[in-house]
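Colleague: can't give you the sequence, but here's the structure:
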């Protein structure tokens, strides 16, 4: 039976790259800070949602993926290829 998970059991492909890009910003961006930036851009996610995305415990919609890429200054492909 097919399961909607990555080979390593994660629910998304972009979470690790989101964490890397968030931490690489100068100054370093917290999960709460990323959630705040996303909210300013019209996407209502909280710090806990960011934590679950980064740990692979949450699915990411295409709308969320596009907003994350915009806020982190990369392409959608850049989030998925990380």
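Modeller: Noted; the coordinates are in hand. Note that this is a predicted model, so its numbers are computed, not measured.
Colleague: contacting residues around the residue nearest to residue 25 when sequence neighbours are not counted?
Modeller: Leaving aside its chain neighbours, residue 25 sits nearest to residue 72 (8.0 Å; criterion: C-beta to C-beta, 6 or more residues apart in numbering). Every C-beta, even on glycine, is put in place using the N, C-alpha and C of the backbone. Going by C-beta atoms under 8 Å, 6 or more residues apart in numbering, residue 72 touches 18, 21, 22, 25, 34, 79.
Colleague: what's around residue 5, how many residues?
Modeller: Look at residue 5: counted by other C-beta atoms under 10 Å, it has 12 neighbours.
Colleague: revised request: answer the last question for residue 35.
Modeller: There are 21 residues near residue 35, going by other C-beta under 10 Å.
Colleague: tell me where this structure has strands.
Modeller: With DSSP state E as the criterion, the chain has no strands.
Colleague: where does the chain have low pLDDT?
Modeller: For the chain, applying pLDDT under 70 flags the ranges 1, 82.
Colleague: what separation do you get for the residue nearest to residue 25 and residue 60?
Modeller: Distance, residue 72 to residue 60, by C-beta to C-beta, to the nearest Å: 13 Å.
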